[in-house]
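Give the three-dimensional model of this entry:
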Amino acid sequence: MPDDTLTDAPKVFLSFAGADRGAAERLAMDLRQCGVDPLLDQQIQPGSDWILWINDALTHSDYYVLLWSQAARDRCWVKAEWTAALHRDLSGRRSFLFLVRLDDSPLPQLLAPRQYLDAANGWENVVRDLVTTWQRDMAVGVPVMPAPPIASEAGNPPSKMIYVRNRVLSFAIVLAVPETTTAGELVRLVRTRLALPDEETKFNGLVGIRFQYRLIIAGKPTPDDPAAALHLQDGCTVDLEVSVEPFGPTGPLAEGTTYRPGTPGTIPPATTRSLIRTAFRHLVP
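Residues are numbered from 1 along each chain as shown. Next up is the predicted model:
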């Protein structure tokens, strides 16, 4: 069981089949001891509209945990809950849905690629991993996008889980990186995983902005030597800095006045903001 508790108690919706109520109540008790506020359907007051309660609980929860089992497969309301949670997870582009497998029942196709925690590996490990993940996510201070599926560990080198964050655009993403990652490898991984653009243009490419990126670890830029080993710690946060350079038909431009095709000028701030939103729309909720 984790020793540290969350400083701000997140609300966590627990979804489960009736046959798994014992496991849900156990998880709720353990999470409560770790500073988490679990929400179960037993909190519905007599005479209340339970559909509206579930909708309100899902809307106001910080996280959602699905306890998956053979029993859960056959419950239509469990399906309704996890599909709603998955929609929020994907549309908000942040980690919201967490999956705990109680047995080896096959997962739905939509959930099969996702990371999950296995109760067969130890109940305390499930609680620890959930709380540790939420602690890290909340410490990042911006919405954290869902982690990618974990590949089979067979033949893969040991890895660390890190956060890559941009405060201005208000997003973060979890990345698995090898323990031996170098500065050059991390830059390439971040650029590939986040699909970072080189430029965004308007007016058939005549005007636009070019992007440059820099990674900051513990307040310091990554070394200029791409072969330098970084020795990243598990759960560390890497800040992604983005700088922009407006350009036009004649070269780099300054930000300020209106640009009109065929005339010298600069890109107005509103156009710059529009270009940035377009360039990073796949990352910003």
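
you'd agree residue 145 is up against residue 170?
No. Contact between residue 145 and residue 170 fails when scored by C-beta atoms under 8 Å: they sit 11.3 Å apart. No exception for glycine: its C-beta is placed from N, CA and C like everyone else's.

And these two? Which one has more around it.
More crowded of residue 145 and residue 170, by other C-beta atoms under 10 Å: residue 145, with 22 against 13.

for the more buried one, which residues make a bridge with it?
Beta-bridge partners of residue 145, counted by DSSP bridges, are residue 173.

now the helices for the stretch 151-285 of the chain?
183-193, 269-279 (DSSP state H, counting those that start in this stretch).

Just put the ones you listed in a markdown table and tack on mean neighbour count.
Shown next, in a markdown table, are these (neighbours: other C-beta atoms under 10 Å):
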| stretch | mean neighbour count |
| --- | --- |
| helix 183-193 | 16 |
| helix 269-279 | 15 |
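
just the strands in this structure please.
11-15, 37-39, 63-68, 97-101, 117-118, 144-145, 159-166, 171-178, 199-202, 207-217, 220-221, 237-248, 251-252 (DSSP state E).

that older thread, among the helices of the stretch 151-285 of the chain, which gets the worst mean confidence?
Mean pLDDT is lowest for helix 269-279 among those, at a mean of 85.

Save the helices of the stretch 151-285 of the chain as TSV, and put in distance to residue 37 too.
Listed next are these as TSV, based on distance: least, C-beta to C-beta, whole Å:
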stretch	distance to residue 37
helix 183-193	32
helix 269-279	35
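
And residue 190, how close does it get to residue 212?
13 Å (C-beta to C-beta, to the nearest Å).

Residue 51 now?
To residue 212, residue 51 is 50 Å away according to C-beta to C-beta.

same thing with residue 174?
24 Å.

Who has more neighbours out of the two?
residue 174 (21 against 10).

Quick check: that one touching residue 160?
No. The pair residue 174 and residue 160 does not pass the contact test of C-beta under 8 Å, sitting 10.7 Å apart.

pLDDT value on residue 253, please?
With respect to pLDDT, residue 253 has a value of 63.

where in the stretch 151-285 of the chain is pLDDT low?
151-158, 251-267, 285 (pLDDT under 70).

one more time with 90, if that's ok
Applying pLDDT under 90 to the stretch 151-285 of the chain picks out residues 151-161, 168-171, 173-180, 193, 201-209, 231, 233-235, 244-277, 281-285.

Let me see the contact set for residue 163.
By C-beta atoms under 8 Å, 6 or more residues apart in numbering, residue 163 lies in contact with 136, 140, 144, 172, 173, 174, 175, 235, 236, 237, 238.

Could you identify which of those residues has the most neighbours?
Within the contacts of residue 163, residue 172 tops the neighbour count with 26 neighbours, counted by other C-beta under 10 Å.

Okay, residue 145 and residue 284: tell me how far apart.
From residue 145 to residue 284 the distance is 10 Å (C-beta to C-beta).

Ok, residue 72 next?
Per C-beta to C-beta, residue 72 is found 33 Å from residue 284.
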